[in-house]
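**Student:** My questions concern the predicted model and sequence given below.
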Amino acid sequence: MDRYQFEDCLSDYIENNLSPSKRKEFEEYLKAHSSGEELVDSVRELMDSMKSMSEIKASPDFMGKLQQRIEAEKNRPSLQSPEKRTYLGFAPFHLGMMVVVLVGLIFVGMELLPTNGITIPTAQPNIELSFPQDLPDPVPPDIKKDEMVTLEQDSSAIKDQDAKAPFDLDKRGATFVKDQK
Amino acid sequence: MANQFQFTDEELMARFQSGDENAYNELVFRYRDRLMNFIYRFVNDMEQAEDIVQETLAKVFTHRHYYKEIAKVSTWIYTIAGNYAKTELRKRKRRKTIQLSHMGKEDKVYEIPDLEQEPDIGVHVQFSEQKIQNALQSLPVHFRSPVILRDIQELSYEDISKILDVPLGTVKSRINRARQQLKSKLKE
């Protein structure tokens, strides 16, 4: 055991908290070093002195003052005000701030969304499909509802149209865009 | 009131939580002097010590429902008191320079009790109390509180560890080093 280990074990030795083997080592150190024994004695003396220090008592009007303080605490507005209430576990102020931040984020998000349509890359490198966001109304305003035909009535017409020409993407709002490269 | 001594601190706290203010008075009776001892040794000022103890016990009253029976009442109360005492020391540190520059004739001077003149202390006290008290003040706060709780308040290492929220091994080593530092200061 060296000096550092000895000093580390000092309180444990005085309070009888050392294991038997450690205690033996400690006592061997004490036999070999008289300064160690002096240190043990003086720390033990200090501990005894601290234990026997006079007791500090509260003043006679302690209870009266405490009662006044408690009354003051009871009447403190922060203990009674509705501000102490929580909503969803948050104080009203914090909840309000969170709502403001959330609304702000939604607004910014909407501002950042594209307004000129969505572009979808295709498998072919030089072609991509672009769809305008505001698609034209499939029913032109000049056609009255009672003039519209059902799908069944119109199926023969569609078949005829398919046979005549390929589907005109331009009229349905889709266009081919050539790659600039 | 007499049979309240049969109750443990935790039972008294439970009664107080359910509205029995006599149980609170009993807790105050049990703790006020113990806390005064702890806080006075820590801050070295009677008036401030009493103020901190009152603040602690008032907080026990107003925050009684925050106490959960997973901890000992003593640990809870000592933790509150210790935190107030540390806050007071920090405030004092900040005020120190301002006070020195603004001290006037009308400033109050508080008397420190001359503990060496107390007849109860007896001849067996090897180091004078005032010297120990001064030596305690020279210790860093993280050494001062555990050594006071152990050697003056005689609390267990486990309780001190919980009060200070420091691992048991750290508490033991701090107390050991604090004792050796105190011993060196008293020999100076």
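**Tutor:** Nice, I can see it.
**Student:** what ranges of chain B fall below the confidence cut-off?
**Tutor:** Along chain B, the model assigns pLDDT under 70 to residues B:1-5, B:96-126.
**Student:** And the residue nearest the centre of it?
**Tutor:** What sits nearest the mean C-alpha location of chain B, by Cα atoms, centre = their mean, is B:F38, with 2.4 Å.
**Student:** wait, isn't that one in contact with B:I152?
**Tutor:** Yes - if you go by Cβ atoms under 8 Å, B:F38 and B:I152 touch, sitting 7.3 Å apart. In this view, the C-beta of every residue, glycine as well, is placed from N, C-alpha and C.
**Student:** Quick check: chain neighbours aside, which residue is closest to A:L88?
**Tutor:** Among residues not flanking A:L88 along the chain, A:L95 sits closest, at 6.7 Å (Cβ to Cβ, 6 or more residues apart in numbering or on different chains).
**Student:** Any idea how many residues pack against the one you found?
**Tutor:** 14 (other Cβ atoms under 10 Å in any protein chain shown).
**Student:** Is any residue of the top helix by length along chain B near chain A?
**Tutor:** Scanning chain B for the helix with the most residues, using DSSP state H, yields helix B:73-102. No - Helix B:73-102 lies out of reach of chain A by Cβ under 8 Å from any Cβ of the partner chain, never closer than 12.9 Å.
**Student:** So what are the structural domains in chain B, by residue number?
**Tutor:** Here the domain parsing of chain B from automatic domain parsing is B:1-110, B:121-188.
**Student:** A:L10: which of those is closest?
**Tutor:** Among the domains of chain B, domain B:121-188 comes nearest to A:L10, with 5.9 Å by Cβ to Cβ.
**Student:** that older thread, for the longest helix of chain B, packing partners?
**Tutor:** helix B:9-17, helix B:21-43, helix B:46-62, helix B:141-147, helix B:157-164 (3 or more Cβ pairs under 8 Å, 6 or more residues apart in numbering or on different chains; DSSP states H and E).
**Student:** Let's have those in TSV, adding distance to chain A.
**Tutor:** Output for the helices and strands packed on helix B:73-102, formatted as TSV (distance: least, Cβ to the nearest Cβ, whole Å):
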stretch	distance to chain A
helix B:9-17	12
helix B:21-43	5
helix B:46-62	5
helix B:141-147	8
helix B:157-164	9
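**Student:** Throw the ones you listed into a markdown table and include distance to A:S19, thanks.
**Tutor:** Formatted as a markdown table, the helices and strands packed on helix B:73-102 follow (distance: least, Cβ to Cβ, whole Å):
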| stretch | distance to A:S19 |
| --- | --- |
| helix B:9-17 | 34 |
| helix B:21-43 | 32 |
| helix B:46-62 | 39 |
| helix B:141-147 | 23 |
| helix B:157-164 | 16 |
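**Student:** So which of the ones you listed is nearest B:K131?
**Tutor:** The closest of the helices and strands packed on helix B:73-102 to B:K131 is helix B:21-43. By Cβ to Cβ, the value is 13.2 Å.
**Student:** before we move on, back to that, could you report the neighbour count for the closest residue to the residue nearest to the centre of chain B other than its chain neighbours?
**Tutor:** Leaving aside its sequence neighbours, B:F38 sits nearest to B:Q153 (Cβ to Cβ, 6+ apart; 5.6 Å). A count of nearby residues for B:Q153, using other Cβ under 10 Å, gives 20.
**Student:** And the one 5 residues further on, by the same measure?
**Tutor:** Applying other Cβ under 10 Å, we find 12 residues neighbouring B:E158.
**Student:** Quick check: it touching B:G169?
**Tutor:** No - with contact defined as Cβ under 8 Å, B:E158 does not reach B:G169; the gap is 11.8 Å.
**Student:** what does chain A put close to chain B?
**Tutor:** Checking chain A against chain B by Cβ under 8 Å from any Cβ, the hits are A:7-8, A:10-12, A:39, A:42-43, A:45-59, A:62-63, A:65-66, A:69-70, A:73-74, A:79.
**Student:** do that again at 6 Å, thanks
**Tutor:** Applying Cβ under 6 Å from any Cβ of the partner chain, we find that chain A lies next to chain B at A:10-11, A:42-43, A:45-47, A:49-50, A:52-58, A:66, A:69-70, A:73.
**Student:** Could you export the lengthiest helix in chain A as PDB, CA atoms only?
**Tutor:** For chain A, the helix with the greatest residue count under DSSP H is helix A:92-112. Output of helix A:92-112 as PDB, limited to C-alpha atoms (Å, rounded to 0.1, in the frame of the first residue of the first chain):
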ATOM      1  CA  PRO A  92     -50.900  28.300 -21.900                       C
ATOM      2  CA  PHE A  93     -48.000  30.600 -23.000                       C
ATOM      3  CA  HIS A  94     -45.900  27.700 -24.400                       C
ATOM      4  CA  LEU A  95     -48.900  26.100 -26.100                       C
ATOM      5  CA  GLY A  96     -49.700  29.500 -27.700                       C
ATOM      6  CA  MET A  97     -46.100  29.800 -28.900                       C
ATOM      7  CA  MET A  98     -46.100  26.300 -30.300                       C
ATOM      8  CA  VAL A  99     -49.400  27.000 -32.300                       C
ATOM      9  CA  VAL A 100     -47.900  30.200 -33.700                       C
ATOM     10  CA  VAL A 101     -44.700  28.400 -34.800                       C
ATOM     11  CA  LEU A 102     -46.800  25.500 -36.300                       C
ATOM     12  CA  VAL A 103     -49.000  27.900 -38.300                       C
ATOM     13  CA  GLY A 104     -45.900  29.700 -39.500                       C
ATOM     14  CA  LEU A 105     -44.300  26.500 -40.600                       C
ATOM     15  CA  ILE A 106     -47.500  25.500 -42.500                       C
ATOM     16  CA  PHE A 107     -47.500  28.900 -44.200                       C
ATOM     17  CA  VAL A 108     -43.900  28.700 -45.200                       C
ATOM     18  CA  GLY A 109     -44.400  25.200 -46.500                       C
ATOM     19  CA  MET A 110     -47.300  26.300 -48.700                       C
ATOM     20  CA  GLU A 111     -45.200  29.100 -50.100                       C
ATOM     21  CA  LEU A 112     -42.400  26.700 -51.000                       C
END
